[in-house]
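Q: Prediction below, plus the sequence it came from.
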Amino acid sequence: MGRAFTLAGMAEETRLAMVRRARKINRALADVYPYAHCELDHVNAWQLLVATVLSAQTTDLRVNQVTPALFAKYPRPADLAGADPADVEELIRPTGFFRAKTRSITGIAAAVMADHDGMVPRTLADLVKLPGVGRKTAFVVTGNACACEASRAGDPDHGANVTDPFGVPGITVDTHFGRLVRRWKWTGQEDPEKVEAEICAIFPKSEWTMLSHRVVFHGRRICHSRKPACGACPIAPLCPAYGEGETDPEKAKKLLKYEKGGQPGQRLAPPPDYPGLPAPPAAARAAQP
């Protein structure tokens, strides 16, 4: 796969050229990952909010293997607000930092009950006031939860088939997103809020949420941190970092993950259009050789 840029050429790239290249990459990723989505299992806004808080410093897979038992025992904000912290800690222990996360999610539950009548708030300003909720978590919720879920966040059987989104686009700057946008020379910023501001300036607002999903999908499947699969990358001709990883196509294919590598994905209950295999539940995973 040919390389479109040299390091010297990249140093001379104008902002307009960078913006055009960035938008080409986004369009290419849309073709590669038409099924890109939030990889946290949830059926309503409440579950998505809790799962996102639990996802800090761990994988979405680990969270997805933990939340079924958590939501079975504590399906509503009222249930979790009154839970014994020791019981919650034991349920979420595999996600790491379980004591701090327990304080966060029980505190969130209490705040949702006290200040929002048991409903997940729909605005960024209200979400970031909840304990343990920052801009990244808030944008995951506003960009992926559904409006009709907001009024029934405490109903565990509601929301599985809803399609009316909160409708608040946002750039979610997680580890993968920040790493890739710097690798692609879209920004040189390290601070997540500065990264967010610079990327928002490149793309129309309508693209922000799906751009976040596409970039994260690519980072998890092909553009790995230590050894990117450059030889199997569909956007290699647009990438200034081509050659940092394995360029041999056959060797690069062996580095692909999840559905791109024929492996199970991260969600136990993926969307219908996801082309890969669902992830196994925790017990089944532990039993695998």
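A: Thanks, I have the structure now. Residues are numbered from 1 along each chain as shown.
Q: What ranges in the stretch 151-289 of the chain fall below the confidence cut-off?
A: Along the stretch 151-289 of the chain, segments meeting pLDDT under 70 span 151-165, 284-289.
Q: for the stretch 1-150 of the chain, same thing?
A: Checking the stretch 1-150 of the chain against pLDDT under 70 turns up 1-11, 146-150.
Q: show me where it has helices.
A: 7-11, 15-32, 45-54, 60-73, 77-81, 85-92, 98-116, 124-127, 135-144, 147-150 (DSSP state H, counting those that start in this stretch).
Q: Make JSON lines from these and add mean neighbour count to it.
A: Heads up, the C-betas are built off the backbone N, CA and C, glycines and all. Formatted as JSON lines, the helices of the stretch 1-150 of the chain follow (neighbours: other Cβ atoms under 10 Å):
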{"stretch": "helix 7-11", "mean neighbour count": "10"}
{"stretch": "helix 15-32", "mean neighbour count": "15"}
{"stretch": "helix 45-54", "mean neighbour count": "26"}
{"stretch": "helix 60-73", "mean neighbour count": "19"}
{"stretch": "helix 77-81", "mean neighbour count": "20"}
{"stretch": "helix 85-92", "mean neighbour count": "16"}
{"stretch": "helix 98-116", "mean neighbour count": "19"}
{"stretch": "helix 124-127", "mean neighbour count": "16"}
{"stretch": "helix 135-144", "mean neighbour count": "23"}
{"stretch": "helix 147-150", "mean neighbour count": "20"}
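Q: Go through those and name the closest to K251.
A: helix 15-32 (19.9 Å; Cβ to Cβ).
Q: Just give the nearest non-adjacent residue to L255, would you?
A: A229 (4.0 Å; Cβ to Cβ, 6 or more residues apart in numbering).
Q: ditto for A111
A: L130 (5.2 Å).
Q: contacting residues for the one you found?
A: 49, 107-108, 111-112, 121 (Cβ atoms under 8 Å, 6 or more residues apart in numbering).
Q: for these, which one is nearest E259?
A: Taking Cβ to Cβ as the measure, L49 is the one of those closest to E259, at 26.5 Å.
Q: That closest one and T102: what is the separation?
A: According to Cβ to Cβ, to the nearest Å, L49 and T102 sit 15 Å apart.
Q: middle-most residue in this structure, spatially?
A: Closest residue to the average C-alpha location of the chain: C38 at 5.2 Å, with Cα atoms, centre = their mean.
Q: show me what contacts that one?
A: 48, 140, 144, 213.
Q: Please look at W208 and G170 and confirm they touch.
A: Yes. Counting by Cβ atoms under 8 Å, W208 sits close enough to G170 to count as a contact (5.6 Å).
Q: Among these two, which residue is more densely surrounded?
A: G170 (22 against 19; other Cβ atoms under 10 Å).
Q: Among the helices of the stretch 1-150 of the chain, which comes closest to R220?
A: helix 60-73 (8.9 Å).
Q: Report the inter-axis angle for that closest one versus helix 45-54.
A: 130 degrees (axes from the mean of the first three to the mean of the last three Cα atoms, to 10 degrees).
Q: Give me the distance from helix 60-73 to the chain's centre.
A: In terms of Cα atoms, centre = their mean, to the nearest Å, the centre of helix 60-73 is found 16 Å from the chain centre.
Q: Find the residue closest to A30 in space, skipping its chain neighbours.
A: R214 (6.3 Å).
Q: I misspoke; the intended subject was G276.
A: Going by Cβ to Cβ, 6+ apart, G276 has E259 as its nearest residue, at 2.8 Å.
Q: Go ahead and confirm that neighbour touches A279.
A: No. Using Cβ under 8 Å, E259 is not in contact with A279, being 11.2 Å away.
Q: can you tell me which residues contact the residue lying closest to G231 once chain neighbours are set aside?
A: Spatial nearest neighbour of G231, excluding adjacent residues (Cβ to Cβ, 6+ apart): A252 at 3.2 Å. The contact partners of A252, by Cβ under 8 Å, 6+ apart, come to 229-233, 245-246.
Q: Which strand or helix spans A252?
A: helix 249-253 (DSSP states H and E).
Q: re the thing from before, how far away is the residue nearest to the centre of the chain from S55?
A: C38 is 10 Å from S55, by Cβ to Cβ.
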